[in-house]
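Asker: Provide a 3D model corresponding to the input given below.
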Amino acid sequence: MKVKISPSRLKGKITAPPSKSMCHRLLICAGLSQGESHISNVLYSEDILATLDCLCAMGAEIKKGEGFVKIKGTLPKAGAFHCRESGSTLRFFIPLAMLCDGESRFTGYGRLMERPMAIYENIAKEKNITYKKDGDTITVGTGLVSGDYTVPANVSSQFISGLLFALPLCESDSRITLTGNIESRSYIDMTLSAMELFGVSAVWQSENTLYIKGNQQYKANSLTVEGDCSNAAFLDAFNLLGGEVSVEGLREDTLQGDMVYKEYFSLLRQGTPTLDIKNCPDLAPVLMTIGAAKGGCRLINTARLKIKESDRGVVMARELSKFGADIKVYDNEIVVNKAELYAPKDDLYCHNDHRVVMSLAVLASAYGGTLKGAEAVAKSYPDFFTKVKSLGLETEIYDD
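Answerer: This is a model prediction of the structure:
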């Protein structure tokens, strides 16, 4: 899909889309619960559809409605799990599959199987669990048991969340000890919160140790998915380029680490800040965009951007340079220098990355531009262009 954007000034009220991160967690807990759960305010993005597909493969009964899902849960069963391009789905379900009798196969596309998986591979080796990677397929066997697990904390919190979902179903108590600096701790807290809503307890025993009581049961619940801070940031970003957009539907007491975007946007308005994205890596593309449009910025703890849907630091620097931006990408930091921007002469490529799509759309609202591969936005926010068009973004959409 190709989207041509003309300079526009956006104005109006808009409700933030549902939190993809929290929706994954609520759906999985519901899928593991006794009885039927009702989850409302669900946006059927590609990633959420991947999790629903995997819940069906696990044995849960799913009924999808207009913005809601009814789920009759089950204990995990072995099967074929197609994760599309959702890293969260893949990492959340592998430990659950390791609880099942028999082997399970995981497949996906895009860069999904290029993402680091060594943590689960090492756990499988330690516990004598089958773990085989063959091209775009990972096969895992049974054998996950309660006990003590040591996990590096500086790769992705998704591995920790995956273990947290599975270990309460084991017979005895478990502990997860995290080594190194904990990145994205807020996502671990979101997982703990979702589990608690379904009657399952896991707690921080110390700064780096999680304690999980064994032999627990998830219990069905009816819940509403809260608004998504990470995608709300793209909507709010139009305000830094002359827009008057009021973003509604975010919880002030949210556990989402991406809520820090409001503070970071304020700093970007004031000068050339240094912004730490250790706990909010998904904000990097929009922060780079606003930094380029304003007085510049420096992002630190950026190493994990290499393993997202694209190498986000590199591709954002490349595409923003078409507007005249001056950006330097280093191993663990990105420097956005102040520069005079202008309308891009070349098409903007989205690199199969939803957050690249939305970031480029924000800057194109000020200078114009044509986005190629904009369909990637469906990964998290399929109706993004419909929503921003209602706020006044001038777009022409073509088949690419």
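
Asker: Let me see the ranges of the helices in the stretch 301-400 of the chain.
Answerer: 312-320, 354-367, 384-390 (DSSP state H, counting those that start in this stretch).

Asker: Quick check: which of the ones you listed is buried the most?
Answerer: helix 354-367 (a mean of 26; mean count of other CB atoms under 10 Å). From N, CA and C alone the C-beta is placed, and that goes for glycine too.

Asker: got the angle between that one and helix 312-320?
Answerer: On the basis of axes from the mean of the first three to the mean of the last three CA atoms, to 10 degrees, helix 354-367 is oriented at 30 degrees to helix 312-320.

Asker: average model confidence for stretch 212-229?
Answerer: Mean pLDDT, computed over stretch 212-229, is 98.

Asker: just stretch 157-166 next, same as before
Answerer: Stretch 157-166 comes out at a mean pLDDT of 96.

Asker: what do you get for stretch 107-126?
Answerer: Stretch 107-126 comes out at a mean pLDDT of 92.

Asker: related to what we said a few turns ago, can I get the helices of the stretch 301-400 of the chain in CSV with mean pLDDT and distance to T191?
Answerer: Shown next, in CSV, are these (pLDDT from 0 to 100; distance: least, CB to CB, whole Å):
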stretch, mean pLDDT, distance to T191
helix 312-320, 97, 23
helix 354-367, 98, 22
helix 384-390, 97, 26
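
Asker: okay if I get the ones you listed as JSON lines plus distance to T137?
Answerer: Formatted as JSON lines, those follow (distance: least, CB to CB, whole Å):
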{"stretch": "helix 312-320", "distance to T137": "26"}
{"stretch": "helix 354-367", "distance to T137": "24"}
{"stretch": "helix 384-390", "distance to T137": "31"}
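
Asker: These: which one's closest to S161?
Answerer: helix 354-367 (20.2 Å; CB to CB).

Asker: what sits against P152?
Answerer: I119, L178, T179, G180 (CB atoms under 8 Å, 6 or more residues apart in numbering).

Asker: what's the distance between it and N181?
Answerer: 10 Å (CB to CB, to the nearest Å).

Asker: now do Y120
Answerer: 21 Å.

Asker: between these two, which one's more packed in?
Answerer: Set Y120 next to N181 and count neighbours by other CB atoms under 10 Å: Y120 wins out with 23 against 12.

Asker: Find the helix or strand that that one is a member of.
Answerer: Counting by DSSP states H and E, the element that carries Y120 is helix 118-126.

Asker: quick check, distance from that helix to the centre of its chain.
Answerer: Distance of helix 118-126 from its chain centroid, counting by CA atoms, centre = their mean, to the nearest Å, is 23 Å.

Asker: for it, which positions count as buried?
Answerer: The neighbour-count check on helix 118-126 (16 or more other CB atoms under 10 Å) flags I119, Y120, E121, I123, A124 as buried.

Asker: Let's see stretch 39-59 as PDB, backbone CA atoms only.
Answerer: Presented in PDB, the C-alpha positions along stretch 39-59 are these (Å, rounded to 0.1, in the frame of the first residue of the first chain):
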ATOM      1  CA  ILE A  39     -12.300  -9.300  26.900                       C
ATOM      2  CA  SER A  40     -13.600  -6.000  25.400                       C
ATOM      3  CA  ASN A  41     -12.000  -3.100  23.600                       C
ATOM      4  CA  VAL A  42     -10.000  -5.500  21.400                       C
ATOM      5  CA  LEU A  43      -8.400  -4.200  18.200                       C
ATOM      6  CA  TYR A  44      -7.800  -7.000  15.700                       C
ATOM      7  CA  SER A  45      -4.300  -6.100  14.700                       C
ATOM      8  CA  GLU A  46      -2.000  -8.700  13.100                       C
ATOM      9  CA  ASP A  47      -0.200  -9.300  16.300                       C
ATOM     10  CA  ILE A  48      -3.400  -9.800  18.300                       C
ATOM     11  CA  LEU A  49      -4.800 -12.100  15.600                       C
ATOM     12  CA  ALA A  50      -1.600 -14.100  15.900                       C
ATOM     13  CA  THR A  51      -2.200 -14.600  19.700                       C
ATOM     14  CA  LEU A  52      -5.800 -15.600  19.100                       C
ATOM     15  CA  ASP A  53      -4.700 -18.100  16.400                       C
ATOM     16  CA  CYS A  54      -2.200 -19.600  18.900                       C
ATOM     17  CA  LEU A  55      -4.800 -19.800  21.700                       C
ATOM     18  CA  CYS A  56      -7.000 -21.800  19.300                       C
ATOM     19  CA  ALA A  57      -4.100 -24.000  18.500                       C
ATOM     20  CA  MET A  58      -3.600 -24.500  22.200                       C
ATOM     21  CA  GLY A  59      -7.200 -25.700  22.600                       C
END
